[in-house]
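Asker: This is the structure alone, sequence omitted:
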């Protein structure tokens, strides 16, 4: 494939993933599934897949897109007061998501050298991407919102951290089920 055609394919693929992220963000209960006061995300799945397929530049763009759309969602949609208070801060809504795309794409480069089993590698990347999101979002909440939102209540902040952490386990399970399967299928399509 020529250099020009490769570049066109990469730009088109990034555009498709951006469109998927926008649809999943703004169509209710696709990218963010509301369960009582918590939201379980599936948004990490296209970001992980795209970051694996498109490398660091694609990972950066898709992670940034996810972060910006999650911030826009809080500005434009009906969300819980807690979610609004937390995710209006771009250091909580944008920065961790941007880093997910980069972590996964560099993780894929690193694992390509070490792990030959494709399913195992893709499973590891699914866990890496999801855990990165959960850990960085919790860390950002603790750093940038913990003292302001929960100044007197260590118990309340512990409960919220536990609930978000539990969300993370559900999100890891979903990613482990979907990411390797989707990546395997996309690679088959690309080869044919």
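Answerer: Yep, it's here. Given the structure is predicted, the values throughout are model-derived calculations rather than measurements.
Asker: And for stretch 53-65, what's in contact with it?
Answerer: 10, 13-14, 17-18, 21-22, 46-47, 50-51, 94, 97-106, 108-109, 183, 186 (Cβ atoms under 8 Å, 6 or more residues apart in numbering). C-beta: built from backbone N, CA, C; applies to glycine.
Asker: Please name every helix or strand in contact with the helix or strand that contains residue 122.
Answerer: In the assignment (DSSP states H and E), residue 122 maps to helix 118-144. Applying 3 or more Cβ pairs under 8 Å, 6 or more residues apart in numbering; DSSP states H and E, one finds that helix 118-144 contacts helix 44-76, helix 90-93, helix 95-114, helix 154-191.
Asker: ok, now with 10 Å
Answerer: Under the contact criterion of 3 or more Cβ pairs under 10 Å, 6 or more residues apart in numbering; DSSP states H and E, helix 118-144 touches strand 38-41, helix 44-76, helix 81-87, helix 90-93, helix 95-114, helix 146-149, helix 154-191.
Asker: where does this structure have low pLDDT?
Answerer: Within the chain, the ranges that satisfy pLDDT under 70 run 1, 37, 146-157, 159-161, 164.
Asker: Just want the most central residue of it.
Answerer: residue 44 (2.8 Å; Cα atoms, centre = their mean).
Asker: In contact with that residue: list those residues for me.
Answerer: Contact analysis of residue 44 by Cβ atoms under 10 Å, 6 or more residues apart in numbering lists 31, 51, 63, 66, 97, 100-101, 104, 126, 129-134, 168, 171-172, 174-175, 179.
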